[in-house]
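> structural data only, the sequence is not supplied:
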């Protein structure tokens, strides 16, 4: 409904993005952006952090993912959103 209203008034949604600072350097990422030269390494670090936080008892709250996808996909979406 909101998307339809946006089209009616010719409004465009700005993609979500994050900005992270690592070693005094800023890195920006669009939602689901895989073009960063170190993307694969960053995903590995995020996956390791996920394993460590689960070992400490943290449970991902899947109810916050509003997409109709499998639980495994929801977990990956939340992992990349952190």
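Perfect, I can see it now. This structure is a prediction, so every number in the text was calculated from the model and none was measured.

> so how many other residues sit close to residue 42?
The tally of other residues near residue 42 (other C-beta atoms under 10 Å) stands at 16. From N, CA and C alone the C-beta is placed, and that goes for glycine too.

> do the same with residue 27
For residue 27, the count of nearby residues is 13 (other C-beta under 10 Å).

> same question for residue 66.
The number of residues packed near residue 66 is 7, by other C-beta under 10 Å.

> relative to residue 54, how far out is it?
Per C-beta to C-beta, to the nearest Å, residue 66 is found 23 Å from residue 54.

> what does the helix or strand containing residue 26 contact?
Take DSSP states H and E as the rule and residue 26 turns out to sit in strand 25-30. Identification of contacts with strand 25-30 by C-beta atoms under 8 Å, 6 or more residues apart in numbering yields 15, 16, 17, 18, 19, 20, 21, 36.

> one more pass at 7 Å, please.
Strand 25-30 has contacts (C-beta atoms under 7 Å, 6 or more residues apart in numbering) with 15, 17, 18, 19, 20, 36.
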